[in-house]
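Quick one, what's the 3D model for this:
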Amino acid sequence: MDIKNLETIHKKLEGYNCKLLAVVKNQKIEDIKKVIDFGINDLAENRLEELNMHVEEFPKQSFHFIAPIQSRKLPQILKNCNGIHSIYRKKELDIISDKYQGEDLFIQINIDNDKNKSGLIEEDLEKFMNYSKKINLIPSGIMCIPNVESDRKKIFSKMQNININLKNNFKGYGGQLSMGMSDDYEIALDYGATIVRIGSKIFK
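The predicted model follows:
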């Protein structure tokens, strides 16, 4: 990996007061260590097996799970993560409510209504938020993974507006916005992203 890429990204994010999640899927331990030594504290995981391995290797880091969740694996994910960015089912909220210890919870929005992607469609968001409020588990924010063919400016603008509406309508909602990856994070920053998830641009 070239640390200069990380330096460029980090400098850019500082100007927007935005947090970087370094996506460490399939990366070498020595490369992950370089990222940590640079000063990045938050690591994003896609697989429970790798998460467990990395938690053991780097016990002082903050881990975030960003992939679709299998309910049976959720207790283990909760045990090892400070944030979960892919929640969209009531069943997941029910499991979390029994074991919740202050983790940051993000609702994944299927912003394109893409049948091949996980997430909540916008029309179901209010009902989901009302349920989370009912069980006293208000999310920290929302997250999206746009379709590769989508107009990023339109998609991120839509997410920004959804986030503003949630902040106005749900007391206690955290208002964080997890969106933007290696190929589009700079666009996401212009539309209010507070967290970006970057892997290939760091580790290439």
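
contacting residues for the closest residue to Lys117 other than its chain neighbours?
Once flanking residues are discounted, Lys117 sits nearest to Asn110: 5.4 Å by Cβ to Cβ, 6 or more residues apart in numbering. (Each C-beta comes from the backbone N, C-alpha and C, glycine too.) By Cβ atoms under 8 Å, 6 or more residues apart in numbering, the residues touching Asn110 are 88, 117-121, 144.

ditto for Gln160
By Cβ under 8 Å, 6+ apart, the neighbours of Gln160 are 177, 191-192.

mind redoing it with 6 Å?
By Cβ atoms under 6 Å, 6 or more residues apart in numbering, the contact set of Gln160 is 191-192.

Please renumber the chain so that the first residue is 49 from this point on.
That works, and once the first residue is 49, the last one we named lands at Gln208.

what's the helix or strand for the residue most central in space within the chain?
Geometric centre of the chain, nearest residue: His133, 3.8 Å, by Cα atoms, centre = their mean. Counting by DSSP states H and E, the element that carries His133 is strand 131-135.

Which elements pack onto that strand?
Using 3 or more Cβ pairs under 6 Å, 6 or more residues apart in numbering; DSSP states H and E, the elements in contact with strand 131-135 are strand 110-113, strand 152-157.

how deep is Asn53 tucked in, by neighbour count?
16 (other Cβ atoms under 10 Å).

Just the C-alpha atoms of whichever strand or helix holds it, please, in CSV.
Using DSSP H and E, Asn53 sits within helix 51-62. Output of helix 51-62 as CSV, limited to C-alpha atoms (Å, rounded to 0.1, in the frame of the first residue of the first chain):
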residue,chain,number,x,y,z
ILE,A,51,0.6,5.7,2.6
LYS,A,52,0.4,8.9,0.4
ASN,A,53,-3.1,7.9,-0.6
LEU,A,54,-4.1,7.7,3.0
GLU,A,55,-2.5,11.1,3.7
THR,A,56,-4.4,12.7,0.9
ILE,A,57,-7.8,11.2,2.0
HIS,A,58,-7.2,12.1,5.7
LYS,A,59,-6.3,15.7,4.8
LYS,A,60,-9.5,16.0,2.7
LEU,A,61,-11.7,14.6,5.4
GLU,A,62,-10.3,17.0,8.0
